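> this one's structure only:
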């Protein structure tokens, strides 16, 4: 993931949106979760597609001239709500795994004043909440070695760190067994090492007559200014006020020994407790099931030691992404279970989180493994909207994970009753309702060999047409699509078509490829997972897709060796979205190339 760097003096970090690493054509290779949320992107996209038409030439000029020297410029960029915001881009080139890429930091300059006003209001709210809190807070200044401790209403201690150590020890505020941990904590704070966490036993929260020591969780973090630590701020939380998550993760018996995540029993107990609290508080809990794709191949190819390293890296990615919004557990070899409790607006916020996890998992191993792409499949369900108890929620999330696997892996599926059916229907069917005919990559490879053989053996025109029609029908089954068609350049209607629905694309497909559209990078194909993504760049195609309920599409140009466009192939889905897997794209491109000589 691109690191957040210091920026020029005229741009404030208060309005920082997020960081991303992009290609020379502005395709997002990896990005912060906040970048996906700001753009409202459902998948990896090209940043320039979101730039205002009048600013696009300038943006592309900066891309073209990008160097290792950071440049800062303003462009209007479309947000998730369709409105354009004035964005400051800090751009510079960098090598990633030996390949030239471009790093960008995005800053929202138009709302800086509003953000500042919001900061002042939030600061007042924060101070009021501290006043009402029973936790104990502290602030340490490394420059003056001054320690200030307060409980929101009263000052607990105000003096040097040396005096604080002595006072807490001599007054018996820390248990004898925790004195070493307390001393180490004070050392870490004094050295301004940065963020820290420890558990000690204290009587900080007791009344005057109670001298019993209770578990106390201590969290602290560094506050920097101009790359120098100005303060260490932290909080003491007594056992009664510690979070449910802390009580689980701080107990070693609850942890998976390899990854440090919660083990299978602990994550289930945490999920049950979270559901019970949510039922009382009318809050939301989301189950997220994650499975690594082709993990057995990684183990078989590189050995179990590397496989273990892979699991540890993936666990770290998930923990960092989830943060304090939930807890991550490992429930099997390469299976993970996340319980989210910090998303009260439901799926709208969960989608960017899952996208971020998936992209960072892939990025961890990008260009490090030969011919193996580390990806993950995800399934989710939510309480109380989808089910009312643990077992049913788990089954629904697991079902959606299976759907993601069945559809080609490397994707996420959020449970929707209207699409996936009720739990009773899922159980009674004994399999996935939407994907009863699951086709593996091996099956698709065997089918490709069969297509090549049949096309090579089809010498006569009549035989060629029969084979062509049969292959197009087979594509519906093998790639879970609803239509395949070929539109010649000089005709308004498809010359060849097999479909489960009526298409009305007309000339929009040909117009899309006339003159080699620059945004296609001369790849001569385009994938659209959601027709809304075509609204700006391909309005004619967007209108046709919307009017005919064609939600997803892949189009391939039939181009001669001389660069002449003869026509366009189109494969599409009807009233359902499709994430086009890399394997499927490559296979369909080959088959379309094979069909070219039979359709001209």
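Structure's in. What do you need? Please read all numbers here as calculations on a predicted model, not as lab measurements.
> walk me through the domains of the protein.
Here the domain assignment for the chain is 13-110, 133-242, 245-438, 442-599, based on automatic domain parsing.
> least reliable of these going by mean pLDDT?
Out of the domains of the chain, domain 442-599 stands lowest, with a mean of 75 (criterion: mean pLDDT).
> how distant is that one from the center of its chain?
29 Å (C-alpha atoms, centre = their mean, to the nearest Å).
> quick one: end-to-end distance for that domain.
End-to-end distance for domain 442-599, by C-alpha to C-alpha, to the nearest Å: 28 Å.
> what do you get for stretch 167-182?
Terminal residues of stretch 167-182 lie 12 Å apart, using C-alpha to C-alpha.
> which of the residues in it are buried?
The neighbour-count check on stretch 167-182 (16 or more other C-beta atoms under 10 Å) flags 168, 173, 174, 175, 178, 181, 182 as buried. For glycine as for every other residue, the C-beta is placed from the backbone atoms N, C-alpha and C.
> any chance of the domains of the chain in TSV, with distance to residue 122 too?
Converted to TSV, those look like this (distance: least, C-beta to C-beta, whole Å):
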stretch	distance to residue 122
domain 13-110	12
domain 133-242	16
domain 245-438	18
domain 442-599	33
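> adding distance to residue 66 and secondary structure, write the buried residues of stretch 167-182 out as a markdown table.
Listed next are the buried residues of stretch 167-182 as a markdown table, based on distance: C-beta to C-beta, whole Å; DSSP: H, G, I helix; E, B strand; the rest coil:
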| residue | distance to residue 66 | secondary structure |
| --- | --- | --- |
| 168 | 54 | helix |
| 173 | 57 | coil |
| 174 | 55 | strand |
| 175 | 58 | coil |
| 178 | 53 | helix |
| 181 | 49 | helix |
| 182 | 51 | helix |
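> of these, closest to residue 411?
Closest to residue 411 out of the buried residues of stretch 167-182 is residue 181 (44.8 Å), distances taken as C-beta to C-beta.
> closest to residue 126 out of the domains of the chain?
domain 133-242 (10.2 Å).
> and the closest one, how far out from the chain middle?
Put simply, domain 133-242 sits 36 Å off its chain's centre (C-alpha atoms, centre = their mean).
> circling back to that earlier point, of the buried residues of stretch 167-182, closest to residue 531?
residue 181 (57.7 Å).
> the closest one contacts residue 196, correct?
No. Using C-beta atoms under 8 Å, residue 181 makes no contact with residue 196, being 11.4 Å away.
> mutual contacts of those two, please.
Shared contacts of residue 181 and residue 196, defined by C-beta atoms under 8 Å, 6 or more residues apart in numbering, are absent.
> tell me which residues in the host helix or strand of residue 400 are buried?
Residue 400 belongs to helix 390-406 when elements are defined using DSSP states H and E. Within helix 390-406, the residues scored as buried using 16+ other C-beta under 10 Å are 390, 393-406.
> kindly report the same for stretch 576-583.
Buried positions in stretch 576-583, judged by neighbour count with 16+ other C-beta under 10 Å: 578, 579, 580, 581.
> quick one, what contacts the last one?
Taking C-beta under 8 Å, 6+ apart, we find residue 581 in contact with 407, 408, 409, 410, 411.
> can I assume the second one is in contact with residue 584?
Yes. With the criterion set as C-beta under 8 Å, residue 408 and residue 584 qualify as a contacting pair; they are 5.7 Å apart.
> state whether residue 89 is indeed within a helix.
No. Secondary structure of residue 89 (DSSP: H, G, I helix; E, B strand; the rest coil): strand, not part of a helix.
> what's across from it in the sheet?
Beta bridges link residue 89 to residue 73, residue 106 when assigned by DSSP bridges.
> OK, contacts around it?
59, 62, 72, 73, 74, 75, 104, 105, 106, 107.
> likewise for residue 287?
Residues in contact with residue 287 (C-beta under 8 Å, 6+ apart) are 271, 337-340, 380-383, 393-394, 396-397.
> tell me where the stretch 251-400 of the chain has helices.
Ranges of helices in the stretch 251-400 of the chain, per DSSP state H, counting those that start in this stretch, are 264-281, 295-302, 304-322, 347-364, 390-406.
> list of residues touching stretch 255-271?
Contacts of stretch 255-271 (C-beta under 8 Å, 6+ apart): 244-245, 248-249, 251, 254, 285, 287, 308, 311-312, 315, 318-319, 327-332, 336-337, 339, 390.
> return the subset of these lying in strands.
285, 287, 327, 328, 329, 330, 336, 337, 339 (DSSP state E).
> any idea how far the last one lies from residue 329?
As for residue 339, its distance to residue 329 is 8 Å (criterion: C-beta to C-beta, to the nearest Å).
> need the contacts of residue 287 in JSON lines with distance to residue 461, can you?
JSON lines is the format used below for the contacts of residue 287 (distance: C-beta to C-beta, whole Å):
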{"residue": "271", "distance to residue 461": "63"}
{"residue": "337", "distance to residue 461": "57"}
{"residue": "338", "distance to residue 461": "57"}
{"residue": "339", "distance to residue 461": "61"}
{"residue": "340", "distance to residue 461": "59"}
{"residue": "380", "distance to residue 461": "51"}
{"residue": "381", "distance to residue 461": "53"}
{"residue": "382", "distance to residue 461": "56"}
{"residue": "383", "distance to residue 461": "61"}
{"residue": "393", "distance to residue 461": "57"}
{"residue": "394", "distance to residue 461": "57"}
{"residue": "396", "distance to residue 461": "52"}
{"residue": "397", "distance to residue 461": "52"}
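> closest to residue 417 out of the residues you listed?
residue 396 (9.1 Å).
> what's near enough to touch the closest residue to that closest one other than its chain neighbours?
Excluding its sequence neighbours, the residue lying closest to residue 396 (C-beta to C-beta, 6 or more residues apart in numbering) is residue 381, at 3.8 Å. Residues near residue 381 by C-beta under 8 Å, 6+ apart: 286, 287, 387, 393, 394, 396, 397, 400, 415.
> again, 6 Å this time
Going by C-beta atoms under 6 Å, 6 or more residues apart in numbering, residue 381 touches 287, 393, 396, 397, 415.
> do you know how far the nearest residue to the last one once chain neighbours are set aside is from residue 188?
Sequence neighbours aside, residue 381 is the residue nearest to residue 415 in space, at 4.4 Å (criterion: C-beta to C-beta, 6+ apart). Summarising the geometry, the distance separating residue 381 from residue 188, computed by C-beta to C-beta, is 41 Å.
> could you do residue 55 as well?
Computed with C-beta to C-beta, the distance linking residue 55 and residue 188 is 47 Å.
> now swap in residue 275 and tell me
36 Å.
> between the two, who's got more neighbours?
Legend: neighbour count by other C-beta atoms under 10 Å for residue 275 and residue 188, higher for residue 275 (22 against 17).
> residue 558: neighbour count?
Other residues lying near residue 558 total 23 when counted by other C-beta under 10 Å.
> and the host helix or strand of it, what does it pack onto?
Assessed by DSSP H and E, residue 558 sits inside strand 550-559. Strand 550-559 is packed against strand 525-528, strand 565-574, with contacts defined by 3 or more C-beta pairs under 6 Å, 6 or more residues apart in numbering; DSSP states H and E.
> hey, what's the angle from the last one to strand 550-559? Just curious.
Interaxial angle, strand 565-574 versus strand 550-559 (axes from the mean of the first three to the mean of the last three C-alpha atoms, to 10 degrees): 160 degrees.
> neighbouring contacts of strand 565-574?
The contact list for strand 565-574 (C-beta under 6 Å, 6+ apart) reads 481-489, 501, 509-510, 513, 549-559, 592, 600.
> just the buried residues of the helix or strand following that strand, please?
Next along the chain after strand 565-574, taking DSSP H and E as the criterion, comes helix 582-599. Within helix 582-599, the residues scored as buried using 16+ other C-beta under 10 Å are 584, 585, 587, 588, 589, 591, 592, 594, 595, 596, 598, 599.
> quick one: the fifth one from residue 570, how far?
Here the distance between residue 589 and residue 570 works out to 13 Å (C-beta to C-beta).
> touching, residue 30 and residue 363? I think so.
Yes. At 4.5 Å, residue 30 counts as touching residue 363 under the criterion of C-beta atoms under 6 Å.
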